[in-house]
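Peer 1: A structural model of the following input is requested.
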Amino acid sequence: MSTVGLGGRLRTSGCHNSPFRSVNCLIGAQPEAQACKRKESAVAIRRGVRLVLLLILGASVISMTGVVATYFLMYGEPSVPDHATLVLRIGDLTEGLAGDRLRDLVGGTRTLTLQEVIEDLKKAKSDPRITSVLIMPNGVPDAYWAKVQEVRDAILDFRTSRKPTVAYLEYGGEREYYLATACDRVFLMPNSPLDLTGLASYEVFLRGTLDKIGAYPDLHHIGNYKTASNQFTETTFTPAHREMAESLNHDLFDQHVRGIAEGRKKTEAEVRKLIDDGPFLPEAARAAGLVDALAYEDQIDDLVPEANEMALVEGDRYVRVGAPGRPERGAPRVGVISIDGTIASGRNGFDPVYGGITGSDSVVEQIREARADSSLRAIVIRIDSPGGSTIASDVIWRELLVTGRQKPDRPIVVSMSDLAASGGYYIATPAQAIVAQPGTLTGSIGIFGGKIAIGGTYRKLGMNIEAVRSGRNAEMNSPVRPFNDSERAKLEEQLRAFYDQFVQKVATSRGMSPEEVDALAQGRVWTGRQAKEVGLVDELGGFETAVKVAKRRAKIADTTEVELVHYPAHRGVLELLMEQVGRSGHAWLASFAPNLLEGMPSAAFPTHVFRRGEALALLPLPGLR
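Peer 2: Below is the predicted model:
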């Protein structure tokens, strides 16, 4: 038998079944044998790929089954014993949907959002199984006051049920203590001081640093109080900047004192004197009547007769309990759209310096979806934003204006959280009513823009950057040199045009003349209480107040429960995972350099967030302590 014949038999009978397979493979010199070998390899690879794919698919199915099972086991509605005490551990108060439970599955210790805390208190007020509430504020952020006031209002509302409320402080900072004074009794850990000292704010001025490195801040603003650029252009406060900072500080301190005085049954003068004597050692705080007793957490039930041998229900579990007064089928529907974070063009996202980014594209989609929903009787816009891009703010403003014009019988009401300033106030102007907390920071009707020219920094490093151009102003946004006279005139023309439009839109919205608004504007920031006095805000209160205002304007009875329809209604698992990754990275950076992030929002020029050359309606304020 010849080799050719052998090869022919192999082709006829098939390589795998031939008794001459090994002979042919050994010969290996013929093309037929090589083809056979390649075929065997391809078959083996396909089998291997199929096996890997099957294993991946199986692992995915098992993983998803585990996730679903975990969700229903851990996050199904829990049982609540009779005579239970609801425990609310209040920390980093963030905006977020109550009951958005899927994010818990991506790991990490979960803290209650602002809406979840309020929802828990509302349910517990009418739940006969809950006989008392234990408030445990710890690590409340030192930045702003409106969310803290919203929780405090919810505690005071719960107290109308006559059920006892107790606050337990492991550490008594300004905000923790302010929350605690809304309760019937305040307990302090025996070895923890009551750190009651008053409020101080801090501003970072970087002009000296920029001069040292050869960078020139060529920044311009409209309004004497538009101080966002001062941190780069000044070495200290300007008179207007200091006046505004002192006004905000004093008004927030007055609100702080008033709340403590009401909660502890003291006069405001007595509280001011006590704060001047602070901070307090534990026993001194008790002797001064600022706290009722010193105790460890396990001793609380011995000091609260109504809650003896407490059956505790944690707030993050109680969130999953259905509300007893939930709206019936067919109840009036109110849409809720949240604008949370710095406003920029594009999609929602996360920035390690600026935190949450509200993208105009995402918000416009939500507004249009709500506008198309004919079942909605009103829309509430929840704003927690320092502003941002003028272009993105204008895009959102226009969409809300169109919605109001197309649906004139569907009121739009704005609810302001910690911040609704500059671009955040701009997008509020189409609303028929604006509601803010006394401690909200709002206004800042002004604009700034420009660049930091770093050509001198490059030269100090031995670098040389040269440009070629076509067009007289092609180098207007050059990072190397400051503006020339022609370019500066163009920039100031743009800033003035936007400022005038801003003033006109506020004037139209608030029923004022442009001259009246200009006197209130100039970039000045107001507390919510001050803003109401000057006519920039209609009512004081939180989200619940805004819903009541929306019901009233939509001619819905106050006693009628409404169904809140959130846009977007649901976030997918991938979105939640990305959110967690972003927040985890931010938390990691904060733990690595705890004092760094605190100043970064006001110290980092936001070229990575906004478009080149874009004017900004932004409020980079530090925390008020």
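
Peer 1: can you list the weak-confidence ranges in the protein?
Peer 2: Per-residue confidence for the chain (pLDDT under 70) gives these ranges: 1-44, 49, 58-77, 97-110, 306-310, 323-327, 353-354, 570-618, 620-625.

Peer 1: what's around the closest residue to residue 362 other than its chain neighbours, how many residues?
Peer 2: Closest residue to residue 362 apart from its sequence neighbours, by C-beta to C-beta, 6 or more residues apart in numbering: residue 348 at 4.3 Å. Where C-beta positions appear, they are placed from N, C-alpha and C, glycine not excepted. Residues contacting residue 348 under the criterion other C-beta atoms under 10 Å number 22.

Peer 1: Got the phi and psi for residue 348?
Peer 2: phi -60, psi 150 (degrees, to the nearest 10).

Peer 1: repeat for residue 377
Peer 2: Taking degrees, to the nearest 10, you get phi -100, psi -20 for the backbone angles of residue 377.

Peer 1: which residues sit in contact with it?
Peer 2: When contacts are counted by C-beta atoms under 8 Å, 6 or more residues apart in numbering, residue 377 is found next to 332, 333, 334, 410, 554, 556, 562.

Peer 1: Export the residues you listed as CSV, with columns for distance to residue 78, neighbour count and secondary structure.
Peer 2: Conversion of the contacts of residue 377 to CSV gives the following (distance: C-beta to C-beta, whole Å; neighbours: other C-beta atoms under 10 Å; DSSP: H, G, I helix; E, B strand; the rest coil):
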residue, distance to residue 78, neighbour count, secondary structure
332, 30, 19, coil
333, 28, 16, strand
334, 28, 23, strand
410, 37, 22, coil
554, 35, 18, coil
556, 32, 19, coil
562, 26, 18, coil
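
Peer 1: what's the most distant pair in those residues?
Peer 2: When those are compared pair by pair using C-beta to C-beta, the two farthest from each other are 410 and 562, 13.3 Å apart.

Peer 1: can you map out the strands along the stretch 201-350 of the chain?
Peer 2: Along the stretch 201-350 of the chain, the stretches classed as strands by DSSP state E, counting those that start in this stretch are 216-222, 293-294, 311-314, 333-340, 342-344, 349-351.

Peer 1: How far away from the center of its chain is the fifth one?
Peer 2: From the chain centre to the centre of strand 342-344 is a distance of 11 Å (C-alpha atoms, centre = their mean, to the nearest Å).

Peer 1: Would you check that residue 270 makes contact with residue 261?
Peer 2: Yes - taking C-beta atoms under 8 Å as the contact criterion, residue 270 and residue 261 are neighbours in contact, 7.2 Å apart.

Peer 1: Look up phi and psi at residue 125.
Peer 2: When quoted as degrees, to the nearest 10, the phi and psi of residue 125 stand at phi -60, psi -40.

Peer 1: show me the contacts for it.
Peer 2: The contact partners of residue 125, by C-beta under 8 Å, 6+ apart, come to 157, 158, 160, 161, 163.

Peer 1: mind redoing it with 10 Å?
Peer 2: Residues in contact with residue 125, defined by C-beta atoms under 10 Å, 6 or more residues apart in numbering, are 133, 154, 157, 158, 159, 160, 161, 163, 324, 325.

Peer 1: can you tell me which of the residues you listed lies nearest to residue 385?
Peer 2: If you rank those by distance to residue 385 using C-beta to C-beta, residue 154 comes first, at 22.3 Å.

Peer 1: what about the closest one, helix or strand, and which?
Peer 2: Using DSSP states H and E, residue 154 sits in helix 146-159.

Peer 1: Which of the residues in the helix or strand that comes right after that helix are classified as buried?
Peer 2: Proceeding C-terminally, helix 146-159 gives way to strand 165-169 as the next helix or strand, assigned by DSSP H and E. For strand 165-169, the buried set under the neighbour-count rule, 16 or more other C-beta atoms under 10 Å, comprises 165, 166, 167, 168, 169.

Peer 1: Among the residues you listed, give me the pair with the biggest separation.
Peer 2: By the measure C-beta to C-beta, 165 and 169 form the most distant pair in these, at 13.7 Å.

Peer 1: Pull up the overlap in contacts between these two.
Peer 2: Residues within reach of residue 165 and of residue 169 at once, by C-beta under 10 Å, 6+ apart, are 135, 180, 186.

Peer 1: What about these, which are in helices?
Peer 2: Where the shared contacts of residue 165 and residue 169 overlap with helices, as defined by DSSP state H, the overlap consists of residue 180.

Peer 1: Please indicate which of the shared contacts of residue 165 and residue 169 has the highest neighbour count?
Peer 2: Comparing the shared contacts of residue 165 and residue 169 on neighbour count, residue 180 comes out first with 30 neighbours (neighbours: other C-beta under 10 Å).

Peer 1: Now do the contacts for the nearest residue to it once chain neighbours are set aside.
Peer 2: Residue nearest to residue 180 in three dimensions, not counting chain neighbours: residue 167, with 3.5 Å by C-beta to C-beta, 6+ apart. Contact analysis of residue 167 by C-beta under 10 Å, 6+ apart lists 88, 90, 133-137, 155, 176-177, 179-188, 263, 291-292.

Peer 1: just residue 114 next, same as before
Peer 2: For residue 114, the contacting residues are 90, 92-96, 98, 146-148, 150-151, 154, 384, 417-418, 542-543, by C-beta under 10 Å, 6+ apart.
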